[in-house]
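Visitor: for reference, the sequence and a predicted model appear below.
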Amino acid sequence: MKNSDVYVCRFCHRQFVPDPRNKHHQKCCPRPVCRRALAAERQRKRRRKLKENQEEYQAYLEKDRERKRKSRAGAQKGRASTPRPPPFTGFDHLNFILTGMVAHFADTQNRDDISCYMNRMLETGRNFVRGS
């Protein structure tokens, strides 16, 4: 290990060997206390920069809010022209429900089998109604 491979931590002032992948920009040792201090410092810098650019940031926020308002208004306008399907009444989808029930009770997803079962049930129902 060379002396150039040993850095001094910005926060605790202890010497440390930086991670080889990050040594070109590593500023502190890997101790959790120092890592938290580095994170807090970065956060303070971000907030300071934000305060300096507050007017630009407020303009950006207002422009973004306006863009979202227009987007919502356009979406609502588009929705009004699109016809909505009628609400479910329970009878609109009766064929699908019955087919699903037959598939479930017959324990098959094969359309031919389901069709055969339904035809048999149709005949049984007709015979029941006729009284035969």
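Guide: Sure thing, it's come through.

Visitor: run a quick neighbour tally on residue 49.
Guide: 11 (other Cβ atoms under 10 Å). From N, CA and C alone the C-beta is placed, and that goes for glycine too.

Visitor: check residue 112 too.
Guide: Neighbour count for residue 112, taken as other Cβ under 10 Å: 8.

Visitor: could you do residue 34 as well?
Guide: A total of 19 residues lie near residue 34 under the criterion other Cβ under 10 Å.

Visitor: part of a helix, is it?
Guide: Yes - counting by DSSP: H, G, I helix; E, B strand; the rest coil, one finds residue 34 located in a helix.

Visitor: can you pull out the strands in this protein?
Guide: Using DSSP state E, the strands found in the chain span residues 7-8, 15-16.

Visitor: give me the sheet partners of the first one and which way each runs.
Guide: On the basis of DSSP bridges, the sheet neighbours of strand 7-8 come out as strand 15-16 (antiparallel).

Visitor: tell me how far the longest helix along the chain is from the chain's mean position?
Guide: Counting residues, the longest helix in the chain under DSSP state H turns out to be helix 54-81. Here helix 54-81 is found 21 Å from its chain centre; the criterion is Cα atoms, centre = their mean, to the nearest Å.

Visitor: can you check stretch 39-47 too?
Guide: That offset, for stretch 39-47, works out to 29 Å (Cα atoms, centre = their mean).

Visitor: equivalent analysis for stretch 40-50, please.
Guide: With Cα atoms, centre = their mean as the basis, the mean position of stretch 40-50 lies at 29 Å from the chain mean.

Visitor: do the same with stretch 108-127
Guide: A distance of 42 Å separates the C-alpha centroid of stretch 108-127 from that of its chain, computed with Cα atoms, centre = their mean.

Visitor: got any ranges where this structure has weak pLDDT?
Guide: For the chain, the stretches with pLDDT under 70 are 1-4, 75-94, 132.

Visitor: per the record, what domains does it have?
Guide: Domains of the chain are assigned by automatic domain parsing as 3-80, 94-127.

Visitor: circling back: of the strands of the chain, which approaches residue 24 most closely?
Guide: For the strands of the chain, proximity to residue 24 was assessed by Cβ to Cβ; strand 7-8 is nearest, at 10.9 Å.
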